[in-house]
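Novice: Next comes the sequence, and after it the predicted model I'd like to discuss.
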Amino acid sequence: MSFEYHEPTSLAEAVEMGAAFSADGRFLAGGTDLIIQMRRGRISPRHVVSLHRVRGLDGIAVDGTVRLGALVTHRALEQHAAFQGPLRALVEGAEVIGGHQVRNVATVGGNIVNASPAADIVPVLLSLDAEVTCVGPDGARAIPLGAFLVGPGQTARRPGEVLESARFAALPPRSATAFLKAGRRKAMEISVVCVAARLTLEEAGERCIEARIVLGAVAPTTWRARSAERALEGRAPTVEAFREAGRLAAAECRPISDVRASAAYRAHLVERLLPRALTRCADRIRGMAS
Amino acid sequence: MKITLELTINGERHEVTTESQRSLLDVLRLDLGLTGTKENCLEAECGVCTVLLDGRAVNACILLAAQCQGRHVLTIEGLARDGERHPLQQAFIDHGAVQCGYCIPAMILSAKAYLDEHPAPTEAEVREALAGNLCRCTGYQKITEAVLEAARVMTGGR
């Protein structure tokens, strides 16, 4: 690898560099993927623009909305007090990535921009209806995360644009999230399948008002199982309803066979993991009520 | 492109002029001759290059040295104080936790970062804390025992 290294200290300066270098430049966040790709020779940018001295990119703000700066690390997600309750899926998605060494530097923005179909934070953010903000020469624009992810490794980010943050609305009452991941082993593993779920129950807790079900590693992009969501809405949060959601999602997802698992096994995992994730959501909501 | 960096390594300030693409690992091993930090997979999978950056475990192989400007790096060479072994080093010796030894500097530094924040871990927590460090001699049992022993010593031998 050989490149010129740049360290802008403001977003405006970073955007200026991004625009000037365009396809010859790459923004560097945690680098846990970028540096590896460069060393393998898959990409060889002439300019590397590190974002780590840009102020304000590593903040987490929680009020009516939750804002995660692009440089928030997985460690910061794991440890944030606001994510230990209904938003627990953010912790569950963060704590299964790599070892401590990777989680101490790998960022939320990197996980999003990388656009791996097997990303672990992305499904959680999608289940929260997150949108991302990109800042470019023409200013800032907000894009729903689902529209931002175009294909494997491809996003709607324009050349020179910096992914600045992801944000989502705080959860309504009687809501909870859960994230489950299946790999060939427990640690240091890319997901064979991962599942993010969010559930909101009505006041008495007897019916689902809203459900979000997002699956990783079963399609070219992180994939929302909409028919499974619809099947839950208005129904009682029973084990049978959750199993049916699992069957629907397994029937509709379109996984591939690769070195990690066969397509059939992936669909089987979806059928088994999804009811577990939904049960975990329901248990969490009941736990908060008591 | 040449860059000049100021790094505090094992408590000592260093000014290093090197190439902008150098990893922290290469600066430590090649520019400064600190070969206690090992090189292996170069993809943050095996963990043998672990050092502590401002107290936190990182894989030096995929970190650009340029990103460490002005920061504190602790390597295995800086762990002993005034010739006296760190309790982790002593416990690894006492428990026979070292076989070929290649993973050990990183194993000890990962354990240190974890114990600094979690002084009294369970065995399961120690194993989870070391998940990013591979030992191909598979000496994990003795390594885990050594870390638990060091934790007891470091908290005053409860």
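Specialist: That came through, no problem.
Novice: So which bits of the stretch 51-200 of chain A are right by chain B?
Specialist: With the criterion set to Cβ under 8 Å from any Cβ of the partner chain, the stretch 51-200 of chain A comes near chain B through A:52, A:75, A:98-102, A:104-105, A:186-188. Glycine gets a C-beta too; all of them are placed from N, C-alpha and C.
Novice: From those residues, pick the one nearest chain B.
Specialist: Sorting these by distance to chain B puts A:Gly99 at the head of the list, at 1.6 Å, by Cβ to the nearest Cβ.
Novice: B:His143 falls within a helix, correct?
Specialist: Just to correct that, residue B:143 is Ile rather than His. Yes. The assignment for B:Ile143 is a helix, going by DSSP: H, G, I helix; E, B strand; the rest coil.
Novice: Report how many residues lie close to it.
Specialist: Burial of B:Ile143 is recorded as 27 neighbouring residues (other Cβ atoms under 10 Å in any protein chain shown).
Novice: Skip the chain neighbours and tell me the closest residue to it.
Specialist: Beyond its immediate neighbours in the sequence, the residue positioned closest to B:Ile143 (Cβ to Cβ, 6 or more residues apart in numbering or on different chains) is B:Ala97, lying 4.7 Å away.
Novice: residue nearest the centroid of the chain?
Specialist: You didn't pick a chain, so chain A it is. For chain A, A:Val122 is the residue whose C-alpha lies nearest the centre (Cα atoms, centre = their mean; 1.3 Å).
Novice: my bad, chain B
Specialist: Chain B has B:Leu109 as the residue nearest its centroid, 3.1 Å off, counting by Cα atoms, centre = their mean.
Novice: Let me know the pLDDT of that one.
Specialist: At B:Leu109, the predicted lDDT confidence score is 98.
Novice: For the closest residue to chain A within chain B, pull up the helix or strand it's in.
Specialist: Scanning chain B for proximity to chain A using Cβ to the nearest Cβ identifies B:Gly132 as nearest, at 1.6 Å. When elements are defined using DSSP states H and E, B:Gly132 is found to belong to no helix and no strand.
Novice: Distance check, the residue lying closest to it once chain neighbours are set aside against A:Arg185.
Specialist: Closest residue to B:Gly132 in three dimensions, ignoring its sequence neighbours and counting by Cβ to Cβ, 6+ apart: A:Gly99, at 1.6 Å. Summarising the geometry, the distance separating A:Gly99 from A:Arg185, computed by Cβ to Cβ, to the nearest Å, is 13 Å.
Novice: So the two - more neighbours on which side?
Specialist: Between A:Gly99 and A:Arg185, counted using other Cβ under 10 Å, the more crowded position is A:Gly99 (24 against 7).
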